[in-house]
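K.L.:
Let me see the structure of the following:
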Amino acid sequence: MGMGHGLQNAAGSDAGPRAGHGTAAAIATQFGFAAAVIGLAAAGFYLPGLFTWRWQGFEPRQAIVPLVQLTMLGMGMTLTLADFRRVALMPQAVAIGIVCQFGIMPLTGFACGQLFGLPPEVATGLVLVGSCPGGVTSNVIAYLARANVALSVTMTACSTVLSPLATPAFMSLLAARSVPLDTLSMLFSIVWMILLPVAAGLAVNTLARPLARRCAAILPAVAMISVCLIIAITVALAREDLAACGPAILAAAVCHNAVGFALGYWIARAARLGVGDARTVAIEVGIQNGGMATGLALDVLKSPAAALPAAVFGPWSALAAAILAAVWSARPPEPRLPTVPDVTDPSTPPPPTAGATVTGG
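P.N.:
Predicted structure coming up:
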């Protein structure tokens, strides 16, 4: 999940063998998370009955939206009002990042769906993944990759706040011809599933910070389990669609993710952002909120097939992000004057442990 200012403090002290050991351990944990997600996805495919049972009117798929809400509540608990005020302090970097986020990924999702010949509902799901805001694990990856954590936190917060308008708009523009789409219903679903839990978490961190600190100890593990279950349930529900076009979905997801990383970085560099800030933009653009995409596919589009791209994109982006973080962590950006002023709030909770790297993308 997003890590707020606590991790920014940690980033500022990332030096020496001890810090290097911590970074290596965190990267290893990120690889472990990717392995866990892939394992649960395999369980959903080969043992679908574990995730598609019905008992007294309840089905596992009904838990997906509450699981997403729980993850977003945890993200909100790591945010402060300063994360939003920082927009005024670094408008250029935030604007470039947000434009790349909602300019590159929806269009790339549409293009990849056409390029790899995905069925209409599955292709719609890829557009949906691209139309969602940045994934909540991006702040951890930014820290591991020696990028600008402050910018990452602010970009994640801003893209999430903008998503009730941006996500339905891009879906209406790029996917309305493929599946029936109620944009108003999608807007309200995003507010209920994403915005309200984030606002509630922000309120807790603002008004009851000791409680937020105590929750921070368990929320990373809860988020990890939530993401794994969401993906396993999705794969089980759409097992036949995955069996029919799994390789094409994987190829499209890999291409989608790679284009996001590459264009995010080079557009930021072309706009004269520093290496650290460009890495941040690349990470924010390449990592999407797959839990949100899954929830919308099942809750609004009523289509397990449309949820499949998120179930494939999530594990792949976790693995790719871990590799990218490992490469960039060994290559610190050259020192330069900071693009983002230091507005760290020293009263915020301390950074989460390496376990926080498992919070979903």
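
K.L.:
Please tell me how far the residue nearest the centre of the chain sits from Leu196.
P.N.:
Central residue of the chain (Cα atoms, centre = their mean): Gly135, 1.1 Å from the mean position. For Gly135, the distance to Leu196 (Cβ to Cβ, to the nearest Å) stands at 19 Å. Backbone N, C-alpha and C define where each C-beta goes, glycine included.

K.L.:
ok, the residue nearest to the centre of the chain touching Val285?
P.N.:
No. Counting by Cβ atoms under 8 Å, Gly135 sits too far from Val285 to count as a contact (10.4 Å).

K.L.:
where's Leu107 relative to Gln114, distance?
P.N.:
11 Å.

K.L.:
ditto for Val37
P.N.:
27 Å.

K.L.:
ok, the two, which is more surrounded?
P.N.:
Val37 (26 against 12; other Cβ atoms under 10 Å).

K.L.:
And for the more buried one, nearest residue in space, chain neighbours not counted?
P.N.:
Pro315 (4.3 Å; Cβ to Cβ, 6 or more residues apart in numbering).

K.L.:
Model confidence at the one you found, what's the number?
P.N.:
Pro315 is assigned a predicted lDDT (pLDDT) of 86.

K.L.:
For the stretch 51-200 of the chain, which segments count as helices?
P.N.:
Under the criterion DSSP state H, counting those that start in this stretch, the stretch 51-200 of the chain carries helices at the ranges 64-76, 81-85, 91-115, 120-131, 138-144, 149-174, 183-190, 196-207.

K.L.:
quick one: secondary structure of the nearest residue to Val275 once chain neighbours are set aside?
P.N.:
Once flanking residues are discounted, Val275 sits nearest to Pro333: 3.8 Å by Cβ to Cβ, 6+ apart. Classification of Pro333 using DSSP: H, G, I helix; E, B strand; the rest coil returns coil.

K.L.:
Distance of Pro333 relative to Phe170?
P.N.:
32 Å.

K.L.:
Looking at those two, which one has more neighbours?
P.N.:
Taking other Cβ under 10 Å, Pro333 and Phe170 do not tie; Phe170 has more neighbours (22 against 16).

K.L.:
quick one: the more buried one and Phe116, what's the gap?
P.N.:
19 Å.

K.L.:
for the closest residue to Cys112 other than its chain neighbours, what are its contacts?
P.N.:
Spatially, and ignoring its direct neighbours in sequence, Cys112 is nearest to Ala252 (4.2 Å; Cβ to Cβ, 6+ apart). Ala252 makes contact with Cys112, Gly113, Leu115, Phe116, Leu118, Leu126, Pro309, according to Cβ atoms under 8 Å, 6 or more residues apart in numbering.

K.L.:
Distance to Ile141 for these - can I get that in a markdown table?
P.N.:
Below are those laid out as a markdown table (distance: Cβ to Cβ, whole Å):
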| residue | distance to Ile141 |
| --- | --- |
| Cys112 | 22 |
| Gly113 | 25 |
| Leu115 | 26 |
| Phe116 | 26 |
| Leu118 | 27 |
| Leu126 | 22 |
| Pro309 | 20 |
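
K.L.:
now, which of these sits nearest Ala88?
P.N.:
Ala88 lies nearest to Leu126 out of the contacts of Ala252, by Cβ to Cβ, at 34.7 Å.

K.L.:
Contacts only, for that closest one.
P.N.:
Gly109, Phe110, Cys112, Gly113, Leu118, Ile249, Ala252, Ala253, His256, Pro309, Phe313.

K.L.:
quick one: which of those residues is nearest to Ile27?
P.N.:
Phe313 (20.5 Å).

K.L.:
what's around that closest one, how many residues?
P.N.:
Quick note: Phe313 (other Cβ under 10 Å) scores 31 neighbours.

K.L.:
Give the burial count for the nearest residue to it once chain neighbours are set aside, as a bare number.
P.N.:
Take Phe313 and drop its neighbours on the chain: the residue closest to it by Cβ to Cβ, 6+ apart is Ala253, 4.3 Å away. Neighbourhood size, Ala253 [other Cβ under 10 Å]: 26.

K.L.:
Pull the contacting residues for Ala253.
P.N.:
Per Cβ under 8 Å, 6+ apart, neighbours of Ala253: Cys112, Leu126, Val129, Pro309, Val312, Phe313, Trp316, Ser317.

K.L.:
how close does the second one get to Leu165?
P.N.:
Separation of Leu126 from Leu165 (Cβ to Cβ): 21 Å.

K.L.:
before we move on, what about Gly201?
P.N.:
Gly201 is 21 Å from Leu165, by Cβ to Cβ.

K.L.:
Would you mind telling me which of these two has more residues around it?
P.N.:
Each of Gly201 and Leu165 has its neighbours counted (other Cβ under 10 Å); Gly201 has more, 23 against 13.

K.L.:
Find the nearest non-adjacent residue to the more buried one, please.
P.N.:
Nearest non-adjacent residue to Gly201 (Cβ to Cβ, 6+ apart): Gly76, at 2.1 Å.

K.L.:
The residue nearest to Phe313: which element?
P.N.:
Per DSSP states H and E: Ala253 is located in helix 239-270.

K.L.:
Helices of the stretch 251-361 of the chain, residue ranges please.
P.N.:
275-286, 290-299, 304-329.

K.L.:
Serialize the ones you listed to JSON lines and add fields for distance to Leu242.
P.N.:
Formatted as JSON lines, the helices of the stretch 251-361 of the chain follow (distance: least, Cβ to Cβ, whole Å):
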{"stretch": "helix 275-286", "distance to Leu242": "23"}
{"stretch": "helix 290-299", "distance to Leu242": "14"}
{"stretch": "helix 304-329", "distance to Leu242": "6"}
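
K.L.:
Quick check: phi and psi at the most far-flung residue of the chain relative to its centre.
P.N.:
What lies farthest from the middle of the chain is Gln56; by Cα atoms, centre = their mean that is 33.3 Å. Main-chain torsions, Gln56, degrees, to the nearest 10: phi 50, psi 40.
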